[in-house]
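1. Please work out how this folds:
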Amino acid sequence: MLAAVHAADIQDRDGGVLLMARLFGLFPFLLKLYADSGYQGPKFQLGLREVCGEMSVAIVKRSDADKFVVLPKRWIVERTIAWLNRCRRLAKDWECLNRNALAFLRWSSVRLMVRKLCQTTI
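-> Got it, this is the predicted structure:
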């Protein structure tokens, strides 16, 4: 798992470029990035092109329907965030230091992975 915690005054699209710069060095074979509408626009595209080369970005937008609709790829991110928010320490931003917030995010991710791996089905 790779995550980046930064100050609240950094836009998501700018933080996304910083994260992808670290991630792309580890996984240069990635070809497609799924993102929400906060990452659309030329600024993110340009920053991503400088960092990752020819990676394509697919913007997954919310449904405008009146009822709940499961959107492809978007539910994966929403589900993961919901699982992580079950940890009380991550439900609110209590941490004063970014490194502490990142440590608790990693700890809850490890906890989540271990629970999924150890879960037995009958």
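
2. Alpha carbons of the one helix or strand in the chain whose mean pLDDT sits lowest, as CSV, please.
-> Lowest by mean pLDDT, DSSP states H and E among the helices and strands of the chain is helix 88-91, with a mean of 73. Extracted in CSV, the C-alpha atoms of helix 88-91 (Å, rounded to 0.1, in the frame of the first residue of the first chain):
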residue,chain,number,x,y,z
ARG,A,88,-12.0,5.0,15.0
ARG,A,89,-8.6,6.7,14.8
LEU,A,90,-9.2,7.4,11.0
ALA,A,91,-12.8,8.6,11.4
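
3. Would you mark the buried spots in that helix?
-> residue 90 (16 or more other Cβ atoms under 10 Å). Using the backbone N, CA and C atoms, a C-beta is placed for each residue, glycine as well.

4. any residues touching it, and which ones?
-> Applying Cβ atoms under 8 Å, 6 or more residues apart in numbering, the contact partners of helix 88-91 are 84-85, 104-105, 108.

5. do the same with stretch 6-13
-> If you take Cβ under 8 Å, 6+ apart as the criterion, stretch 6-13 is touched by 15, 18, 38-39, 41, 43-44, 47, 98.

6. rerun at 10 Å
-> Residues outside stretch 6-13 that contact it (Cβ atoms under 10 Å, 6 or more residues apart in numbering) are 4, 14-19, 35-36, 38-41, 43-45, 47-48, 93, 98, 101-102.

7. I'd like the distance from that stretch to the chain centre, please.
-> 13 Å (Cα atoms, centre = their mean, to the nearest Å).

8. All set, thanks.
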